[in-house]
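Participant: here's my sequence, what's the structure:
(2 chains)
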Amino acid sequence: MQKASSSKTSPKVSSISHRFSYALIGVITLLLIVFAAIVILFDINKIENELEMRLDNAIEFAQNSLATPLWNLDYVVVADFVEALFLDESFVYTKISWKGQVITEKKRAGFQVQKIASEMSPTLLKDSELIAKSSDIYFEEKKISKILIVMSREIVKKQLHSQIYGTISLLILIIAAIWLTSIFITKRYISSPLLKLQESASSIARGDLDTFVDKSSRDEIGKLAQQLDIMRGSIKQLFAELRESKEKLEEYSRTLEQRVELRTLELARSVEELKVLGEVSQAVSSTLNPETVLTSIVRHAVELSKTDAGTIYEYDEGEGVFLPRINYGIRPEYIEALHELKIRVGDQTIMGQAAMNRAPDQIPDIEKAPGYYFDFVRQAGYQALLALPLLRQDRLIGGLVVRRKAAGEFPASVVKLLQTFAAQSVIAIYNAWLFREIEEKGRELEVANKHKSEFLANMSHELRTPLNAILGYTELILDNIYGDVPVKIQKVLKRLEKSGRHLLSLINNVLDLSKIEAGQLPLSLNDYSMQEVVHTVVNSVESLAEEKNLDLKFSVSPDLTVGKGDEQRIAQVFLNLVGNAIKFTEEGEVKVEVTSSNNKFFVAVSDTGLGLSAADQQRIFEEFQQTDSSSTRKKGGTGLGLSISKKIVEMHGGRIWVGSTLGKGSTFRFTLPVRVEKQRKQG
Amino acid sequence: MSELILIIEDQEDNRRILRDLLTNAGYKVIEAVTAEAGVMSAETHHPDLILMDIQLPDFDGYEATRRIKANPALRSTPIIAVTSYALSGDEAKAYEAGCDAYVSKPFRPRELLVKVREYV
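Facilitator: Residues are numbered from 1 along each chain as shown, chains lettered A, B, ... in the order given. Down below sits the predicted model:
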């Protein structure tokens, strides 16, 4: 393909100069031929006329010069005349005669006289070869002779021919000269400049726009060259513009690429920053330890701002100084120096300045910062510093400083980023303050709570002491220690004793509850037998059930294993539940059932009593809640028993609940892990 | 011959109740109001039984028990701790100090008497 196309060259250019010269020569040749023809015709005519004139002259001369000799019959002269005439080669025949008598005749060899009529009138005869004229010669107006002169055209013709040859030769010469000249001229002034022009043009076409275009000639070619040059100039300019715009485009595309790259980088950085900020803010919100949060913040701040070190200061309002709280990337001596510096608002430090202005402040190069005299900063190699005040609602709480070993301005993006970190630091520090406050409050609350518990314990003790005395004396009196007591008084004393015991149980329950709440009721976890616990409980309440004519039933699985727990407290729960059941049941039965499965004891205390409404079932385990206050008064309950029972069960890791149908009875159930190895904390 | 019981108790009412109860039951009773006096009284009178209150004005009943039990002559004298601290662990503390029995306040006089009769 390549070969085929390359071989298909453009048709051979026929030189303008050749074509031009051919045309020129054609025209000139034609003109010259016409001119030559005219000249030749003119020559022929002239020669003819000349020949005739010579003939006429010869005749006339003969008439003039021969009249006398002929008259005198001096024929020698006549012969001389003829001889003289024949010197001219064109004269071929002369005859002088008179009345048919030849006086003199002379003919040149080869001439045939027959061609001429013998008796010729004095007329002219012309043919292609000859011209002849005859005339009479007069002497004193007497005709004395007749003369005939014939001239051959031969010589004239020869002369003419040679003249024509000369003309034609000249013509050819001229044509040749013109042809050569024209070739030279076209070559010199047209072809060659055109060729040059063509070369320039093709050179331009090839892309060499600095090609020299010779426009020295002042003719059209010069103008053409000028145009070409202008065109070249235009193309060059166009190319230059094109190149420029291309460069611009490339530059733009490069810038665009760079910008895209930069933007991508920025985006990546933003994503990174967001990620870090997310982590930080998560740390801020989830970590209670401010040290951890602030350490994370200052580390990320330094890393993301591409600096070398950072410090988070906490502002001590009392002392009015910034204390370096968390440091990253700096040596202990530097931290020591920062401590000793006692940075204050408005002092010469960058932190002091930023705090005074309540805005970020920076020193791009400490060597160029006037009045910056902190040598330890210089010694540590830090060149650029950026400080941000930590403000919470206009209150100065600290500061964030990053340090860089390379000098240079911190860009706005870094300042902005660090502002975000500063904001997070504010939250962290503020949280820390809050935590501290809460901790303090918590401690205070704990102390107050302890005081309350102690107060309750002391109070119940103080209350019980006189109550003990009352109950003691009552019992002694009833036992007749102080003498026999009348039956009437005995009844009153029994009522007194009952009320006293109620008061005592109330006080004991309050004491228990307050101790549980204060976390001061440790379980004493020991091995116990569930059977024994149930027996003890049943024994102590049997009399109560009998008094009310209630059926007290108990069923304990025989295969119960040895439990571990606080026996006394478990018994207390049983007593409370069974006691309540007896208390609130007027007729029917109270049943205690204990089974075990899954390493748990399942206890159910059911009665056929009043039962509980759904609402009561919900709140019955809360403190001071009974079905209604009137029943409390009637039945003498404290309203604390179930609450204490619930807490004891839960301290053992068990659960207590109730199921009941109003008017049909209730079933209280609780579970206990068989082996309680550890006391559960009570909220 | 009636046994001598030493009551170490700072509360007058409690002392009185115990005295009335035990005297009525046929025991001889001596009393001390402070721990110090109680220890001295024990050393002086060599009682057959000591009822020891735990919360006392000068030092507590555990300490008094330790001092009494430290005396070889009194080592075998039974001491019943009477405490108003109805707390788990008090019993253990009482035994640890050397008490022979433990009665928690509020005690019922009849029950206390049963306990006393176990020893004398």
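
Participant: low-confidence ranges in the chain?
Facilitator: Unless you meant another one, I'm taking chain A. Applying pLDDT under 70 to chain A picks out residues A:1-18, A:21, A:114-124, A:285-288, A:624-638, A:682-683.

Participant: let's do chain B instead
Facilitator: In chain B (pLDDT under 70), the answer is B:1, B:84-89.

Participant: what about the helices in it?
Facilitator: Taking DSSP state H as the test, the helices found in chain B are B:12-24, B:35-45, B:61-70, B:90-97, B:109-119.

Participant: which of the ones you listed is buried the deepest?
Facilitator: Here the criterion is mean neighbour count by mean count of other CB atoms under 10 Å in any protein chain shown, and of these the winner is helix B:61-70, at a mean of 20. Just so you know, the C-beta spots here come from the backbone N, C-alpha and C atoms, and that holds for glycine as well.

Participant: re the thing from before, of the helices of chain B, which is nearest chain A?
Facilitator: Ranking these by proximity to chain A (CB to the nearest CB) places helix B:12-24 first, at 3.4 Å.

Participant: does the closest one reach chain A?
Facilitator: Yes. Helix B:12-24 reaches chain A (CB under 8 Å from any CB of the partner chain) through B:13-14, B:17, B:20-21, B:24.

Participant: gap between the most centrally placed residue in chain B and B:L18?
Facilitator: Nearest residue to the geometric centre of chain B (CA atoms, centre = their mean): B:L51, 1.4 Å. Distance, B:L51 to B:L18, by CB to CB, to the nearest Å: 6 Å.

Participant: do the same with A:F584
Facilitator: In terms of CB to CB, A:F584 sits 38 Å off from B:L18.

Participant: burial of A:S643, as a residue count?
Facilitator: Neighbours of A:S643 under the rule other CB atoms under 10 Å in any protein chain shown: 21.

Participant: quick check: it touching A:F621?
Facilitator: Yes. Judged on CB atoms under 8 Å, A:S643 makes contact with A:F621 at a distance of 6.0 Å.

Participant: what residues sit buried inside the helix or strand hosting A:G500?
Facilitator: Secondary-structure assignment from DSSP states H and E places A:G500 in helix A:487-517. Neighbour-count burial for helix A:487-517, with 16 or more other CB atoms under 10 Å in any protein chain shown as criterion, is recorded at A:493, A:496-497, A:500-501, A:503-517.

Participant: distance of A:I59 from chain B?
Facilitator: For A:I59, the distance to chain B equals 197 Å [CB to the nearest CB, to the nearest Å].

Participant: likewise for A:L171?
Facilitator: Distance from A:L171 to chain B, counting by CB to the nearest CB: 161 Å.

Participant: element containing that residue?
Facilitator: Assigned by DSSP H and E, A:L171 belongs to helix A:154-185.

Participant: following element in sequence after that helix, please.
Facilitator: Downstream of helix A:154-185, the first helix or strand assigned by DSSP H and E is helix A:192-206.

Participant: residues in contact with the residue lying closest to A:G399 once chain neighbours are set aside?
Facilitator: Leaving aside its sequence neighbours, A:G399 sits nearest to A:Y313 (CB to CB, 6 or more residues apart in numbering or on different chains; 4.2 Å). Residues counted as contacts of A:Y313 (CB atoms under 8 Å, 6 or more residues apart in numbering or on different chains) are A:322-325, A:343, A:351, A:390, A:398-401.

Participant: so who does residue 100 touch?
Facilitator: Chain wasn't specified; assuming chain A. Listed by CB under 8 Å, 6+ apart, A:G100 has no contact partners.

Participant: my question was about chain B
Facilitator: B:78-80, B:119.

Participant: which of the residues in the host helix or strand of A:L385 are classified as buried?
Facilitator: Using DSSP H and E, A:L385 sits in strand A:384-392. By neighbour count on 16+ other CB under 10 Å, the buried set for strand A:384-392 is A:384-391.

Participant: from the residues you listed, pick the one nearest chain B.
Facilitator: A:L390 (51.6 Å).

Participant: and chain A, which residues reach chain B?
Facilitator: Contact residues, chain A versus chain B (CB under 8 Å from any CB): A:461, A:464-469, A:471-473, A:475-476, A:479, A:481-482, A:504, A:508, A:511, A:515, A:521-524, A:566, A:568-569.

Participant: swap in 7 Å and give it another go.
Facilitator: Neighbours of chain B within chain A, by CB under 7 Å from any CB of the partner chain: A:461, A:464-465, A:467-469, A:471-473, A:475-476, A:481, A:504, A:508, A:522, A:524, A:566, A:568.

Participant: buried ones only from those residues, please, as a PyMOL command.
Facilitator: Buried residues within the residues of chain A next to chain B, by 16+ other CB under 10 Å, are selected in PyMOL with:
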select buried, chain A and resi 461+464+465+467+468+469+471+472+473+475+476+481+504+508+566+568
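
Participant: list the ones among the residues of chain A next to chain B that fall in helices.
Facilitator: A:461, A:464-465, A:467-469, A:471-473, A:475-476, A:504, A:508, A:568.

Participant: redo those residues as JSON lines? Include distance to A:K106.
Facilitator: Listed next are those as JSON lines, based on distance: CB to CB, whole Å:
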{"residue": "A:H461", "distance to A:K106": "208"}
{"residue": "A:R464", "distance to A:K106": "211"}
{"residue": "A:T465", "distance to A:K106": "214"}
{"residue": "A:L467", "distance to A:K106": "215"}
{"residue": "A:N468", "distance to A:K106": "217"}
{"residue": "A:A469", "distance to A:K106": "221"}
{"residue": "A:L471", "distance to A:K106": "219"}
{"residue": "A:G472", "distance to A:K106": "222"}
{"residue": "A:Y473", "distance to A:K106": "226"}
{"residue": "A:E475", "distance to A:K106": "225"}
{"residue": "A:L476", "distance to A:K106": "228"}
{"residue": "A:L504", "distance to A:K106": "212"}
{"residue": "A:N508", "distance to A:K106": "207"}
{"residue": "A:Q568", "distance to A:K106": "204"}
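
Participant: ok, back up a step: distance from the helix holding A:L171 to the middle of the chain?
Facilitator: Relative to the centre of its chain, helix A:154-185 is centred 89 Å away, using CA atoms, centre = their mean, to the nearest Å.

Participant: then stretch A:226-246?
Facilitator: Centroid separation between stretch A:226-246 and its chain, computed with CA atoms, centre = their mean, is 36 Å.

Participant: alpha carbons of that stretch, as CSV, please.
Facilitator: This file holds the C-alpha atoms of stretch A:226-246, laid out as CSV (Å, rounded to 0.1, in the frame of the first residue of the first chain):
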residue,chain,number,x,y,z
GLN,A,226,5.2,38.7,-0.6
GLN,A,227,1.8,37.1,-0.3
LEU,A,228,3.4,33.8,0.4
ASP,A,229,5.5,35.4,3.0
ILE,A,230,2.5,37.1,4.5
MET,A,231,0.7,33.8,4.4
ARG,A,232,3.7,32.1,6.0
GLY,A,233,3.7,34.9,8.6
SER,A,234,0.0,34.3,9.1
ILE,A,235,0.5,30.6,9.3
LYS,A,236,3.4,31.0,11.6
GLN,A,237,1.3,33.4,13.8
LEU,A,238,-1.6,31.0,13.6
PHE,A,239,0.7,28.1,14.5
ALA,A,240,2.2,30.2,17.3
GLU,A,241,-1.3,31.0,18.5
LEU,A,242,-2.3,27.4,18.1
ARG,A,243,0.8,26.3,20.0
GLU,A,244,0.1,28.9,22.6
SER,A,245,-3.5,27.9,23.0
LYS,A,246,-2.4,24.2,22.9
